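A.B. asks: sequence plus predicted model, see below.
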Amino acid sequence: MTKIKYLIITVLFSSNSWAVDSQQIEFPVGFGAISPSLELRAAYDDNIFSEDEGPGVKKSWLGILAPAVEWRVRKGLNQYSARYRFESGSYFSSHDDDYLDHLFEANAHFDFNSRNRLDFDFRYAKDHQRRGTGVNDNSDSVFIEKPVEYRDWELEGQYSFGANSAKGRIVLNASHLDREYTNYTDLYEQYDRTEDLLGLTFFYRFRPNSSLYLRGNYNRVKYKNDPGDRDKLDNNETSAFVGITWATTEKTTGVAQIGYEKKKFRSSQYKSHAFVPWNVGIEWSPKSYSTFTLNTERRADESQGTGNFTQSTESLLSWEHDWSYRYTTLMAFELLNRDFNESERKDDIVSLELGLDYLLTRTIVLGTRYQYEKRDSSEENRDYLRNVFTVSLEVGL
């Protein structure tokens, strides 16, 4: 589940733009404005199934078309928005792996007065996992003929009591996620699930731009279908954190939290597990045109076929620099360690990303990117090396 956090770890190999943004043209509609955009990408992937090295590793060029439209409106302090995007990908050497993803997002912010604020976020996605990834992590890729497809819908709400300038502030949040796999259901419907999260956070502001906080979460995970050969992985997650947010200068901002989390399975077939999770995110801008970001996180992820769940430790260091108003470069390095509970398997994944964006006009951005990913696994035939070269065109219509 996408929990409401104060740190969002950047994930490499995503489709999100990360550097110079084209300026979107807004078309007034009613009380708001509509902004369409278009992204075109051409990529060469030398390991589209994330397979162990060998003569059978599949390579392919890939073409991607991704139009989007966003609607925004502001009424006083209240704000509303909605966005729809679809992404169509075509593999020139493996058309069985072509895909069409859809994403719809909507949010509303209500600012009733200086002490009371309410936020709602809704997300509906029809997405896919490449063969050899996700629930089809490498071992089954030869047995299926297309990418694994799934549907998510998620609703989140957050209520804040207390002025932003007050010494104390309380935030109450709740969310619901529903996930279903929509093809190869005989293999993967056992991973269909819902998650219901409740959280409470108390902030204490001890400086104008710095606060301490205490946070508690309860997350109920319920699987919809019986896997047959074992009990369902239904579980409850209870966690408590102590943290700090700060903005000491205009150059440095950060958030850090550490806590205790217990994952208790409802079936006696599985052992409960407790561990120490953390989140740290620091952003340092020595110059207005240059930003360094450090993120690190330790968390529990739901099982995708190996073990009862996965304990993940992820660290990312990135540097984004504007050489001029037209040129922006990005360098990012990421380490991901996965420990599969109740399994001997451990994975270490190293990722590197290098990129350049060029602002051709105020509405057109040209980009190029190189991505490297290497996995070393304790389990046989799970290692892989993957290189992706991409050129892109982003247009704010």
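C.D. replies: Nice, thanks for sending it over.

A.B. asks: and residue 260, what element?
C.D. replies: Using DSSP states H and E, residue 260 falls within strand 252-265.

A.B. asks: and the helix or strand that that strand is followed by, what does it pack against?
C.D. replies: Using DSSP H and E, the next helix or strand after strand 252-265 towards the C-terminus is strand 273-275. Applying 3 or more C-beta pairs under 8 Å, 6 or more residues apart in numbering; DSSP states H and E, one finds that strand 273-275 contacts strand 252-265, strand 290-302. C-beta: built from backbone N, CA, C; applies to glycine.

A.B. asks: where does pLDDT dip in the chain?
C.D. replies: For the chain, applying pLDDT under 70 flags the ranges 1-23, 138-142.

A.B. asks: and with 50 instead?
C.D. replies: Within the chain, the set of residues satisfying pLDDT under 50 comprises 1-19.

A.B. asks: hang on, the earlier thing: nearest to residue 371, out of the helices and strands packed on strand 273-275?
C.D. replies: Relative to residue 371, the nearest member of these by C-beta to C-beta is strand 290-302, separated by 17.4 Å.

A.B. asks: the closest one: which residues count as buried?
C.D. replies: Residues of strand 290-302 classed as buried: 291-293, 295-300, 302 (neighbour count, 16 or more other C-beta atoms under 10 Å).

A.B. asks: and residue 325, what element?
C.D. replies: Under the criterion DSSP H and E, no helix or strand holds residue 325.

A.B. asks: my guess is it meets residue 359, correct?
C.D. replies: Yes: between residue 325 and residue 359 there is a contact under C-beta atoms under 8 Å: 6.8 Å.

A.B. asks: so those two - more neighbours on which side?
C.D. replies: Set side by side, residue 325 and residue 359 show more neighbours around residue 359, with 21 against 9, by other C-beta atoms under 10 Å.

A.B. asks: for residue 171, see how far away the more buried one is.
C.D. replies: Using C-beta to C-beta, to the nearest Å, residue 359 is found at 37 Å from residue 171.

A.B. asks: how about residue 117?
C.D. replies: As for residue 117, its distance to residue 171 is 9 Å (criterion: C-beta to C-beta).

A.B. asks: now do the shared contacts for the two.
C.D. replies: 159-160 (C-beta atoms under 8 Å, 6 or more residues apart in numbering).

A.B. asks: buried stuff in the helix or strand where residue 88 lies?
C.D. replies: With elements taken from DSSP H and E, the one containing residue 88 is strand 78-91. Neighbour counts over strand 78-91 (16+ other C-beta under 10 Å) mark 79-83, 85, 87, 89-91 as buried.

A.B. asks: biggest separation within these, which pair?
C.D. replies: Between all members of these, the farthest pair (by C-beta to C-beta) comes out as 79 and 91, at 39.4 Å.

A.B. asks: the helices and strands packed on strand 273-275: which one's closest to residue 235?
C.D. replies: strand 252-265 (4.6 Å).

A.B. asks: and the closest one, what's buried?
C.D. replies: By neighbour count with 16+ other C-beta under 10 Å, strand 252-265 contains the buried residues 253-257, 259, 261, 263, 265.

A.B. asks: ok now that strand, how far from the chain's centre?
C.D. replies: Remark: strand 252-265 is offset 17 Å from the chain centroid, using C-alpha atoms, centre = their mean, to the nearest Å.

A.B. asks: got it, and stretch 344-354?
C.D. replies: 17 Å.

A.B. asks: ok, residues contacting that stretch?
C.D. replies: Here stretch 344-354 has contacts from 12-13, 306-307, 329-340, 369-379, 382, using C-beta under 8 Å, 6+ apart.

A.B. asks: before we move on, what about stretch 89-101?
C.D. replies: 48, 58-64, 86-88, 125-128, 130-131, 145-147, 149.

A.B. asks: contacting residues for the closest residue to residue 274 other than its chain neighbours?
C.D. replies: Nearest non-adjacent residue to residue 274, counting by C-beta to C-beta, 6 or more residues apart in numbering: residue 262, 4.4 Å away. Taking C-beta under 8 Å, 6+ apart, we find residue 262 in contact with 237-239, 272-274.

A.B. asks: test my guess that residue 390 contacts residue 40.
C.D. replies: No: contact criterion C-beta under 8 Å: residue 390 and residue 40 do not qualify, at 10.9 Å.
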